[in-house]
Structures are given as C-alpha cells and as structure tokens.
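Asker: Pasted the sequence and its predicted model underneath.
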Amino acid sequence: MIPQEIIRRKRDGGRLSDEDIGAFIGALAKGALSEGQIGAFAMAVWFEGMERDEIVALTMAMARSGDMLSWADIDRPIADKHSTGGVGDNVSLMLAPIAASCGLAVPMISGRGLGHTGGTLDKLESIPGYTVSPDATRFRKVVKEAGCAIIGQTAALAPADGKLYAVRDVTATVDSIPLITASILSKKLAAGLQTLVLDVKVGNGAFMASPEEAAQLAKSLVEVANGAGLKTSALITDMNEPLADAVGNTLEIRNCLAFLKGEKKGTRLEKVVLAFAAEMLVQSRVASSLEDGERRAAEAVSSGKAAEIFGRMAHMLGGPADLLERPELHLTPAPSILPVVAARDGWLTGCDARDIGIAVIDLGGGRRHPDDRIDHRVGFDHLLPLGTRIERGDPIGFVHAATDDAAKIAAAALQANYTIGDSAPALPPVISSRL
C-alpha cells in the first residue's frame, strides 16, 4: 500500500476500493502515516466526497481498527444517541441517565470539542476526578451497575477514528459528510450497540447550515448504519441559537444538574431531551409509543431517579460522591462574571450560534490546537432564548472569564452577536423532521 497513491486517486475524483480504504485505515491505526498524509486524505475526501459503499467501507475499517465490544452479559437493551455537534448542546449528559433509569443500558462513547462546538468529554472533565478513559473492566462495571457510562475512546476502541478526528479538527475538514458519517458510526459499531438515535443539527451553529445539507447527512448516517446492521433513526434539530442557556464546560455541567433536578421545564432543551429519550425507548421496545416514551422520561426526571443515576455514574468514574448535593464545592467558578446587557428595547430576533461557540474558545474554553489546555470555568450562562421581549439594560446573559479584561471583550462580542428587532420573530421548530 502506497498512501500517496490512495490520496492521489481520491484527490483526482476516483473511487477507492474496500482494499484501498482498509489498507489506509490500517496504516493510520498503526501510526504508519504522517499527519500530512492524514490531512491530505481528509482534504481529498472533503473535496471529492465518497460513494455510499466507500463510506460503508471506511466506517467498518475504522470500527475494526481496534476492539469490538460485546454486552452479552447485560440483559438490558444496549442503546445510545449521538449529536453532530452544536453550541450549548449538552443533551447527552441528561439523556444517558434518563434512558438508563427507564431500563436501557447506555455505553456512550463521546468526543471532545470539534471546531466551534463543545465536547461532552471536556464538559465532564469539569467534574474533579471524573475519568473519561477508564479501562474496559471499569467501563463495563459502570454500565452494568449504574446503567450508563459516558466516556471517550480508549486506545483500543476505533483508534483510527481518534487519530483522524484530531487532524480534522485543525485542518478545516470537519464538515464532510463521509468523514462525519464514518467517525460517528465507527465508534458506535465498535461499542456493540443494538440501537442508535442521531441528533443532526442544522443552522448557523451547526456543521450543516442548510436543511438540505442536514437531510443529506441524516440520510447518509441512517442508511450506512442500518446497512451495517445497527438499527438507527435520526431527528433533525435547530441550531440557530444555543440549545441550553449555558455554553461552556463547567457551566453546562451546572446546567445538566439543574435539568436533572427539574429546573429546566418548558425549555427547548427539555423538548429535545425528552424527544430523544422517547425515540430510544421506542426503538428498544421499552415504550409502546413516542408519547409513552416521553411520559416515562419525564417521570425519570421528576422522581429524581435520573439525577441519582448521573451522580452514581460520575462517582463510579472518579467524581465526588456529593456532586448532586453540593455542586458548589466541586465545580470551580470563573474569577470574573459580567452581565451582558441589551443595548435597546425590543425582541431578541437572531444570533450567530457559531460565533458564540468561537467566543468560548477565545475565552480559553476550547482548543485551536489538539494539545491546547482548556479553562473549564469560562463561557456564558443565563442566555435568553430568541423570541424574548427585553428592555434596554436587561441582561441577555452573563459572561464567565478568567480576567476582567477578557470578560469585557467577550461581553462586547456577545452583545454585538444578538439582533434586537421591533417585533417578535418567527422561529423554526426545535425538531424539524425525523428519518
């Protein structure tokens, strides 16, 4: 196998054989390729795309580049959910314990921040002691006893994807449908799932900005996954504003705890979380209908059972035992907190969610290079949803920063990001379609 010939073939618009793809991914997993070769391959795919059978071959090669998990000793349905990435998208943090409390086993393999989007693992590392890389024995124990475990890829699980993922993040090749499809599904296939639900984001804060692009990605994911034997469906959800009212690692963990304590009722976030829980329960034949699934999920929150499972999972993975009861002792606040006020009376009619994600990176809450260290404390919270009526001087949200100067810069950026109009806007539905 000559890597540059495979890169050349794809660069020139050719079709790669299963053998080509298997050889290239095998070399990638073994560390036999340079970062330049990996980046060139990703860029060639970004420009030239892949046929459906090429995407299936890429997905399977990446899944088989390491261990393939089996959950034969667990008598619950094995289910998971994955998001294509958004801003303030912390659905997974609440969804895993909700699904577990309803009778599913959820071995959730998550990722770090990618581009302007936040990463579930980065959020969880805001919790002191939480390990996102447990050994296989501990991972299995947590899933079996707590019902769910949210961790990152181990060195043995889809290692080729982990290496390609890091290069995509810094080479402007994130928004490639073949690469997104293979990256997401390789981890899920390697995790030994029986069912999967996908959250395909659309809007200015998503990698897929138009409904047509989102539908194309959702179709690719569903067809490739089902073709590989993994029962999969997808919901397309809005990302023209942050989903939660918090953006940033520690702040989104605080938001998660508040949600599980029943403090986020009636929000866009609640609607999405309950919809995905229902989808998972129906797919796994635990709920008889989507309405039944949403009812069961809501009860898991109101009863406190989902919160209890989240706390148990976090503690079993190294976090503090009293995280739920005393989060202020464990979740470090930022030194500087500043309100971001409205410049005029009116209605919040629009914002650029992507730029809000970039602003968090500027604060130090994300990465520009794979080895950058994250300041988990920083970000925005108490963000008002679009469609809110405000008066001049009202807070649109609050910025959390490492210094007063950084807070002032971020506050000005956030203020400029929001559009204030004279009438209430017509907003898209938070869930637009299902595949």
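Answerer: Cool, the structure landed.
Asker: Any regions of the stretch 51-200 of the chain where pLDDT drops low?
Answerer: 114-115 (pLDDT under 70).
Asker: Pull the number of nearby residues for Ser289.
Answerer: A count of neighbours around Ser289, defined by other Cβ atoms under 10 Å, yields 11. From N, CA and C alone the C-beta is placed, and that goes for glycine too.
Asker: Once you drop chain neighbours, what's closest to it?
Answerer: In space, and not counting its chain neighbours, Ser289 is closest to Val282: 6.7 Å by Cβ to Cβ, 6 or more residues apart in numbering.
Asker: Isn't the one you found up against Glu294?
Answerer: No. Applying Cβ atoms under 8 Å, one finds Val282 not in contact with Glu294, separated by 9.9 Å.
Asker: quick revisit: wait, is the residue nearest to Ser289 part of a strand?
Answerer: No. Assignment of Val282 by DSSP: H, G, I helix; E, B strand; the rest coil gives helix, placing it outside any strand.
Asker: Just list the residues touching it, thanks.
Answerer: 288-290, 292-293 (Cβ atoms under 8 Å, 6 or more residues apart in numbering).
Asker: Got a quick PyMOL command for the buried subset of those residues?
Answerer: Listed next is the PyMOL selection for buried residues among those, using 16 or more other Cβ atoms under 10 Å:
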select buried, resi 290+293
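Asker: Let me have the contacts of Val282 in TSV, adding secondary structure as columns.
Answerer: Conversion of these to TSV gives the following (three-state DSSP):
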residue	secondary structure
Ser288	coil
Ser289	coil
Leu290	helix
Asp292	helix
Gly293	helix
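Asker: Turn the contacts of Val282 into CSV, including distance to Gly31.
Answerer: Converted to CSV, the contacts of Val282 look like this (distance: Cβ to Cβ, whole Å):
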residue, distance to Gly31
Ser288, 49
Ser289, 49
Leu290, 45
Asp292, 49
Gly293, 44
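Asker: which other helices and strands contact the helix or strand harbouring Ile109?
Answerer: Assigned by DSSP states H and E, Ile109 falls within strand 106-110. Judged by 3 or more Cβ pairs under 8 Å, 6 or more residues apart in numbering; DSSP states H and E, strand 106-110 is in contact with strand 79-83, helix 91-101, helix 120-124, helix 136-146, strand 148-152, helix 177-190.
Asker: 7 Å - rerun?
Answerer: With contacts taken as 3 or more Cβ pairs under 7 Å, 6 or more residues apart in numbering; DSSP states H and E, strand 106-110 sits against strand 79-83, helix 91-101, strand 148-152.
Asker: Now do the longest one: distance to the chain's middle.
Answerer: Its chain's C-alpha centre lies 13 Å from the corresponding centre of helix 91-101 when counted by Cα atoms, centre = their mean, to the nearest Å.
Asker: Equivalent analysis for the last one, please.
Answerer: Mean-position distance between strand 148-152 and its chain equals 13 Å (Cα atoms, centre = their mean).
Asker: What angle do helix 136-146 and that strand make with each other?
Answerer: On the basis of axes from the mean of the first three to the mean of the last three Cα atoms, to 10 degrees, strand 148-152 is oriented at 150 degrees to helix 136-146.
Asker: What is the burial count for Ala23?
Answerer: 17.
Asker: give the contact list for it.
Answerer: Residues counted as contacts of Ala23 (Cβ atoms under 7 Å, 6 or more residues apart in numbering) are Met1.
Asker: Would you mind listing the buried residues in the strand or helix carrying it?
Answerer: If you go by DSSP H and E, Ala23 is part of helix 18-29. By 16+ other Cβ under 10 Å, the buried positions in helix 18-29 come out as 20-29.
Asker: Identify the residues contacting Thr403.
Answerer: Contacts of Thr403 (Cβ under 7 Å, 6+ apart): Ser336.
Asker: what's the answer for Ala206, then?
Answerer: 84, 86, 239.
Asker: Ala42 now?
Answerer: 164, 167-168, 171, 173, 179 are the contacts of Ala42 under Cβ under 7 Å, 6+ apart.
Asker: Check Ala353 too.
Answerer: Counting by Cβ under 7 Å, 6+ apart, Ala353 touches 87, 203-205, 239-242.
Asker: same question, Val56
Answerer: With Cβ under 7 Å, 6+ apart, Val56 has these contacts: 224, 227-228.
Asker: export those residues to JSON lines and tack on pLDDT and neighbour count?
Answerer: As requested, the contacts of Val56 are exported to JSON lines (pLDDT from 0 to 100; neighbours: other Cβ atoms under 10 Å):
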{"residue": "Val224", "pLDDT": "91", "neighbour count": "24"}
{"residue": "Gly227", "pLDDT": "83", "neighbour count": "16"}
{"residue": "Ala228", "pLDDT": "84", "neighbour count": "16"}
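Asker: Would you mind checking which of these is nearest to Ala424?
Answerer: Closest to Ala424 out of the contacts of Val56 is Val224 (40.6 Å), distances taken as Cβ to Cβ.
Asker: now that closest one, what's its secondary structure?
Answerer: helix.
Asker: so how far is Val87 from it?
Answerer: 26 Å (Cβ to Cβ, to the nearest Å).
Asker: partners of the strand holding Ile109 in the sheet?
Answerer: Sheet pairing of strand 106-110 (DSSP bridges) gives strand 148-152 (parallel).
Asker: and the strand it pairs with, C-alpha only, in CSV?
Answerer: Below are the C-alpha coordinates for strand 148-152, written out as CSV (Å, rounded to 0.1, in the frame of the first residue of the first chain):
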residue,chain,number,x,y,z
CYS,A,148,-24.8,4.2,31.7
ALA,A,149,-21.3,5.4,31.3
ILE,A,150,-20.2,8.4,29.3
ILE,A,151,-16.5,8.0,28.3
GLY,A,152,-14.1,8.7,25.5
